[in-house]
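after the sequence you'll find the predicted model.
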Amino acid sequence: MNNRLFYAIICCCTFFIGLFMVAYQQQWIIFQLPPSMHPSFLISKTATTKKNVVIFVYHQDRWCSEKKELLWPASKREQLEQLVYAWISLIDEELTDAKKITLQKVLIAPDEQSVYISFDRSPLNKEWSTFRKWYHLESLLKTIRENSVDVRSIFWLVQHQPLQDPHLDCSQSWPIDGFIKNIS
(Lines give C-alpha, C1' and ligand atoms only; values in the text may rest on other atoms or scores of the structure.)
Protein backbone atom coordinates (compact mmCIF):
# COMPACT_ATOMS: atom_id res chain seq x y z
CA MET A 1 0.00 0.00 0.00
CA ASN A 2 2.83 2.35 0.86
CA ASN A 3 4.52 1.74 -2.54
CA ARG A 4 1.30 2.55 -4.43
CA LEU A 5 0.94 5.88 -2.64
CA PHE A 6 4.61 6.66 -3.32
CA TYR A 7 4.24 5.84 -7.05
CA ALA A 8 0.99 7.81 -7.29
CA ILE A 9 2.70 10.89 -5.82
CA ILE A 10 5.70 10.48 -8.19
CA CYS A 11 3.34 10.11 -11.20
CA CYS A 12 1.33 13.20 -10.25
CA CYS A 13 4.50 15.26 -9.69
CA THR A 14 6.01 14.24 -13.04
CA PHE A 15 2.71 14.89 -14.79
CA PHE A 16 2.48 18.43 -13.38
CA ILE A 17 6.16 19.16 -14.06
CA GLY A 18 5.68 17.95 -17.67
CA LEU A 19 2.52 20.02 -18.01
CA PHE A 20 4.38 23.05 -16.68
CA MET A 21 7.31 22.48 -19.08
CA VAL A 22 4.98 22.20 -22.10
CA ALA A 23 3.18 25.39 -21.07
CA TYR A 24 6.51 27.18 -20.70
CA GLN A 25 7.80 25.87 -24.05
CA GLN A 26 4.60 26.90 -25.85
CA GLN A 27 4.95 30.33 -24.18
CA TRP A 28 1.66 30.03 -22.33
CA ILE A 29 3.69 30.87 -19.24
CA ILE A 30 6.26 33.65 -19.53
CA PHE A 31 8.81 34.56 -16.91
CA GLN A 32 10.27 38.03 -16.91
CA LEU A 33 13.00 39.09 -14.57
CA PRO A 34 12.66 42.46 -12.85
CA PRO A 35 14.86 45.12 -14.51
CA SER A 36 17.35 45.03 -11.66
CA MET A 37 17.81 41.26 -12.08
CA HIS A 38 18.69 41.24 -15.81
CA PRO A 39 22.16 39.96 -16.59
CA SER A 40 24.40 42.83 -17.66
CA PHE A 41 25.25 41.23 -21.03
CA LEU A 42 21.57 41.40 -22.09
CA ILE A 43 21.31 45.14 -21.53
CA SER A 44 22.26 47.13 -24.61
CA LYS A 45 25.01 49.59 -23.87
CA THR A 46 24.82 51.37 -27.21
CA ALA A 47 23.36 54.82 -27.39
CA THR A 48 20.15 55.23 -29.34
CA THR A 49 18.35 58.32 -30.48
CA LYS A 50 15.04 58.89 -32.20
CA LYS A 51 15.29 59.60 -35.90
CA ASN A 52 12.70 60.26 -38.56
CA VAL A 53 13.39 58.01 -41.52
CA VAL A 54 11.73 57.69 -44.92
CA ILE A 55 10.88 54.20 -46.19
CA PHE A 56 10.34 53.73 -49.94
CA VAL A 57 8.34 51.14 -51.84
CA TYR A 58 7.62 51.03 -55.57
CA HIS A 59 3.88 50.42 -55.84
CA GLN A 60 1.45 50.86 -58.76
CA ASP A 61 4.09 52.38 -61.05
CA ARG A 62 5.18 55.08 -58.63
CA TRP A 63 7.38 55.56 -55.60
CA CYS A 64 5.48 55.51 -52.32
CA SER A 65 7.15 56.74 -49.19
CA GLU A 66 6.30 56.70 -45.53
CA LYS A 67 7.93 58.58 -42.72
CA LYS A 68 8.54 56.66 -39.53
CA GLU A 69 10.21 57.48 -36.28
CA LEU A 70 12.72 54.81 -35.33
CA LEU A 71 15.12 54.30 -32.48
CA TRP A 72 18.40 54.96 -34.26
CA PRO A 73 21.34 53.05 -32.78
CA ALA A 74 24.97 54.13 -33.11
CA SER A 75 26.02 50.90 -34.84
CA LYS A 76 25.76 50.84 -38.64
CA ARG A 77 24.67 47.19 -38.60
CA GLU A 78 21.83 47.92 -36.18
CA GLN A 79 20.79 50.98 -38.22
CA LEU A 80 20.53 48.79 -41.30
CA GLU A 81 18.54 46.18 -39.39
CA GLN A 82 16.09 48.87 -38.25
CA LEU A 83 15.68 50.15 -41.82
CA VAL A 84 15.15 46.67 -43.27
CA TYR A 85 12.59 45.81 -40.57
CA ALA A 86 10.73 49.04 -41.32
CA TRP A 87 10.90 48.34 -45.08
CA ILE A 88 9.52 44.82 -44.59
CA SER A 89 6.75 46.22 -42.42
CA LEU A 90 5.78 48.75 -45.09
CA ILE A 91 5.82 46.07 -47.79
CA ASP A 92 3.53 43.89 -45.70
CA GLU A 93 1.11 46.83 -45.42
CA GLU A 94 1.25 48.15 -48.98
CA LEU A 95 1.84 45.17 -51.26
CA THR A 96 -0.81 42.51 -51.03
CA ASP A 97 0.99 40.12 -53.40
CA ALA A 98 4.39 40.37 -51.72
CA LYS A 99 5.80 37.39 -49.88
CA LYS A 100 5.97 37.48 -46.11
CA ILE A 101 9.69 37.63 -45.44
CA THR A 102 11.78 38.08 -42.35
CA LEU A 103 15.25 39.39 -41.96
CA GLN A 104 17.73 36.77 -40.86
CA LYS A 105 20.91 38.79 -40.55
CA VAL A 106 22.66 41.96 -41.59
CA LEU A 107 26.42 41.67 -41.79
CA ILE A 108 28.96 44.31 -42.66
CA ALA A 109 32.11 43.36 -44.53
CA PRO A 110 35.49 44.23 -42.98
CA ASP A 111 35.88 47.14 -45.43
CA GLU A 112 32.77 48.73 -43.80
CA GLN A 113 31.37 49.52 -47.28
CA SER A 114 29.73 46.25 -48.31
CA VAL A 115 26.67 44.87 -46.58
CA TYR A 116 25.17 41.37 -46.65
CA ILE A 117 21.42 41.25 -46.09
CA SER A 118 20.01 37.77 -45.58
CA PHE A 119 16.29 36.97 -45.70
CA ASP A 120 14.56 33.73 -44.72
CA ARG A 121 13.12 33.39 -48.25
CA SER A 122 13.35 35.28 -51.50
CA PRO A 123 11.66 38.68 -51.33
CA LEU A 124 10.78 38.33 -55.04
CA ASN A 125 7.67 36.57 -56.31
CA LYS A 126 8.19 34.26 -59.27
CA GLU A 127 5.14 35.75 -61.00
CA TRP A 128 6.53 39.29 -60.96
CA SER A 129 8.04 40.83 -64.06
CA THR A 130 11.74 41.57 -64.20
CA PHE A 131 10.95 45.27 -63.90
CA ARG A 132 8.90 44.75 -60.75
CA LYS A 133 11.54 42.54 -59.12
CA TRP A 134 14.22 45.07 -59.98
CA TYR A 135 12.28 47.99 -58.52
CA HIS A 136 11.38 45.97 -55.45
CA LEU A 137 15.08 45.58 -54.58
CA GLU A 138 15.79 49.15 -55.68
CA SER A 139 13.25 50.37 -53.12
CA LEU A 140 15.36 48.96 -50.29
CA LEU A 141 18.48 50.47 -51.82
CA LYS A 142 16.73 53.84 -52.03
CA THR A 143 15.56 53.52 -48.42
CA ILE A 144 19.11 52.87 -47.20
CA ARG A 145 20.60 55.59 -49.41
CA GLU A 146 18.08 58.29 -48.50
CA ASN A 147 18.55 57.68 -44.78
CA SER A 148 22.28 58.39 -44.97
CA VAL A 149 23.70 55.03 -44.00
CA ASP A 150 27.26 55.03 -45.30
CA VAL A 151 27.55 51.90 -47.43
CA ARG A 152 28.53 51.39 -51.07
CA SER A 153 27.11 48.01 -52.02
CA ILE A 154 24.59 45.38 -50.94
CA PHE A 155 24.73 41.61 -51.34
CA TRP A 156 21.26 40.00 -51.41
CA LEU A 157 21.15 36.66 -49.60
CA VAL A 158 18.52 34.02 -48.87
CA GLN A 159 19.35 31.60 -46.07
CA HIS A 160 22.91 33.04 -46.13
CA GLN A 161 23.32 32.07 -49.80
CA PRO A 162 23.19 34.43 -52.81
CA LEU A 163 19.63 35.17 -53.88
CA GLN A 164 18.76 33.02 -56.92
CA ASP A 165 16.47 34.56 -59.51
CA PRO A 166 16.17 33.73 -63.22
CA HIS A 167 15.80 37.40 -64.15
CA LEU A 168 18.18 39.28 -61.86
CA ASP A 169 21.83 38.65 -61.13
CA CYS A 170 22.33 38.78 -57.38
CA SER A 171 25.61 36.89 -57.38
CA GLN A 172 27.42 40.25 -57.38
CA SER A 173 26.85 43.17 -55.06
CA TRP A 174 24.40 45.89 -56.04
CA PRO A 175 25.67 49.46 -55.76
CA ILE A 176 23.81 51.56 -53.20
CA ASP A 177 23.02 54.06 -55.98
CA GLY A 178 21.20 51.26 -57.77
CA PHE A 179 21.00 50.74 -61.49
CA ILE A 180 18.29 53.33 -62.10
CA LYS A 181 19.43 56.78 -63.08
CA ASN A 182 17.62 59.88 -61.85
CA ILE A 183 15.21 58.25 -59.42
CA SER A 184 12.76 60.87 -58.27
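Great, that's in hand.

what sits up against stretch 72-82?
Contact with stretch 72-82 is made by 46-51, 53, 70-71, 103, 106-108, 112, 115, 117, 144, 147, 149-151, as judged by CB atoms under 8 Å, 6 or more residues apart in numbering. From N, CA and C alone the C-beta is placed, and that goes for glycine too.

out of those residues, which sit inside strands?
Per DSSP state E, strands hold the following members of these: 48-51, 53, 70-71, 103, 106-108, 115, 117.

ChimeraX command to pick out the buried ones of the contacts of stretch 72-82?
A single ChimeraX command is used to select the members of those judged buried by 16 or more other CB atoms under 10 Å:
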select :53,70,103,106,115,117,144,147,149,151
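
quick check: domain ranges of this structure?
2-31, 42-175 (automatic domain parsing).

average pLDDT for the longest one?
I take that to be domain 42-175. Within the predicted structure, the mean pLDDT of domain 42-175 is 89.

over to the shortest one?
Per-region confidence: domain 2-31 scores 86 on mean pLDDT.

going forward, begin numbering at 318 instead of 1
New numbering, starting at 318: the last item is domain 319-348.

tell me the buried residues in that domain?
Using 16+ other CB under 10 Å as the test for burial, domain 319-348 gives no buried residues.

any idea how far it is from the chain center?
Taking CA atoms, centre = their mean, to the nearest Å, one finds the center of domain 319-348 at 37 Å from the center of the full chain.
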